[in-house]
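Undergrad: Next input, structure requested:
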Amino acid sequence: MNLATETRLNTVEETQAAPVQERKIIVAAVIGNLLEFFDFTVYSYFALTIGHQFFPADSPVTSLLLAFAVFAVGFVMRPLGGIVLGRYADRAGRKPALTLTILLMALGSASIGLAPTYAQIGMAAPVLIVVARLVQGFAQGGEFGAATATLLEMGGQASRGFRASWQLASQGAAALLGSGLAASLGFLLSTETMHSWGWRIPFLLGTLIAPVGIYLRRHIREEPPAQRAVADRDDPKRGLYVRNWFLTIFAIMGMSVSTYVMMYYMPTYCIQSARNSGL
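TA: Coordinates of the predicted model:
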């Protein structure tokens, strides 16, 4: 076999393998996004118990509000995570960024799931929960952009919108998964068991996201990030924001409204549930 024939065969093999590799990256990004959003939001379904365990107060409503204030801390960190990890994803590549966000999210979930309560270590307990939520919010902010960019960049131009739609679809699936798990645990476990250790189960299960990060790191190849003609130029995002300032502001306001709705109705619902339960 001469050199030209061998080169042609290698090219054909790489061409055939490319779609398979792209599908692997897309599936890994979707699954990773689903599990990360599950880890980030499952806290809200157990806020009543977390408030009792880590933020004791004279009023159960006060404990619940403190627990939700810590839940909100994660949202405060999301923009910072998007900026820092988004920059990292542009420089180092999508795969390293997704791997890092997944491992950070797993660390935050494990910290909450294994955290000693206020009765055991005092004020250090709520501080640990706050730090864990900061880490989770930072990771989730970086993951959203990296995962969305991955879904847009991988595969053909014709189905970009469909691939990107899996970002929000996986978030909805994560919400269903979290609420379903919370309802199942409430049905299967007694109130005493839930307050004792049952609430930890979702967070410990959330650490299973770590194998996804390991899979991304070991089994998925990615093209080098191209110090690609961008390395010696100004930040391309700067021009993007200037040219599309209206869309940028509109997107920020849209996300703010959705976050406000979530942060308003979740505490209201849980407070009403607590009152109905006689707490």
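
Undergrad: Ala115 against Ala125, yeah?
TA: Yes. Contact criterion CB atoms under 8 Å: Ala115 and Ala125 qualify, at 6.2 Å. All C-beta spots, glycine's among them, are computed from the backbone N, C-alpha and C.

Undergrad: Between the two, which contacts overlap?
TA: Contact with both Ala115 and Ala125 is made by residues Phe54, according to CB atoms under 8 Å, 6 or more residues apart in numbering.

Undergrad: Going by how many neighbours each has, rank those two and give me the top one.
TA: Ranked by neighbour count (other CB atoms under 10 Å), Ala115 and Ala125 place Ala115 first, with 23 against 19.

Undergrad: need the contact list for that one.
TA: By CB under 8 Å, 6+ apart, the residues touching Ala115 are Phe54, Ala125, Leu128, Ile129, Ala132.

Undergrad: Please tell me I have it right and the second one contacts Ser111.
TA: Right, Ala125. No. Contact criterion CB under 8 Å: Ala125 and Ser111 do not qualify, at 11.2 Å.

Undergrad: show me where the stretch 151-279 of the chain has helices.
TA: Assigned by DSSP state H, counting those that start in this stretch, the helices in the stretch 151-279 of the chain fall at 160-188, 191-196, 201-206, 210-219, 227-230, 236-243, 245-276.

Undergrad: ranking those by mean pLDDT, which is last?
TA: Among these, helix 227-230 carries the lowest mean pLDDT, at a mean of 44.

Undergrad: can you give me the helices in the stretch 1-150 of the chain?
TA: So, for the stretch 1-150 of the chain - with DSSP H, counting those that start in this stretch - the helices run 3-45, 47-54, 60-92, 94-114, 118-121, 124-153.

Undergrad: quick one, what contacts Leu85?
TA: Listed by CB under 8 Å, 6+ apart, the contact set of Leu85 reads Ala97, Leu100, Thr101, Phe138, Ala139, Gly141, Gly142, Glu143, Gly145, Ala146.

Undergrad: what about 6 Å?
TA: Applying CB atoms under 6 Å, 6 or more residues apart in numbering, one finds that Leu85 lies in contact with Ala97, Gly142.

Undergrad: ok, so what distance separates it from Arg160?
TA: 22 Å (CB to CB, to the nearest Å).

Undergrad: And Phe203, by the same measure?
TA: Using CB to CB, Phe203 is found at 35 Å from Arg160.

Undergrad: In terms of neighbours, single out the busier of the two.
TA: It is Phe203, of Phe203 and Arg160, that has more neighbours when counted by other CB under 10 Å, with 22 against 14.

Undergrad: check contacts around the more buried one.
TA: Taking CB under 6 Å, 6+ apart, one finds Ser109, Ile112, Gly113 in contact with Phe203.

Undergrad: cutoff 7 Å now
TA: Val42, Ser109, Ile112, Gly113 (CB atoms under 7 Å, 6 or more residues apart in numbering).

Undergrad: ok, and the most crowded of the residues you listed?
TA: Tallying neighbours with other CB under 10 Å puts Ser109 at the head of those, with 30 neighbours.

Undergrad: Give me the pLDDT for it.
TA: 92.

Undergrad: again, but for Ile121
TA: 90.

Undergrad: Tally up the residues packed near it, please.
TA: 13.

Undergrad: Look up how far His195 lies from it.
TA: 17 Å.

Undergrad: same check, this time on Ser63
TA: 12 Å.

Undergrad: Looking at those two, which is more packed in?
TA: Neighbour count, other CB under 10 Å: between Ser63 and His195, Ser63 has more, with 24 against 15.

Undergrad: can I assume the more buried one is in contact with Phe55?
TA: Yes. When contacts are counted by CB atoms under 7 Å, Ser63 is listed as touching Phe55 (4.8 Å).

Undergrad: thinking again about what came up before, nearest to Met253, of the contacts of Phe203?
TA: Ranked by distance to Met253 (CB to CB), these are led by Val42 at 27.1 Å.

Undergrad: Show the pLDDT at that closest one.
TA: Reading off the model, Val42 has pLDDT 88.

Undergrad: Enumerate every residue touching it.
TA: Taking CB under 7 Å, 6+ apart, we find Val42 in contact with Gly178, Pro202, Phe203, Gly206.
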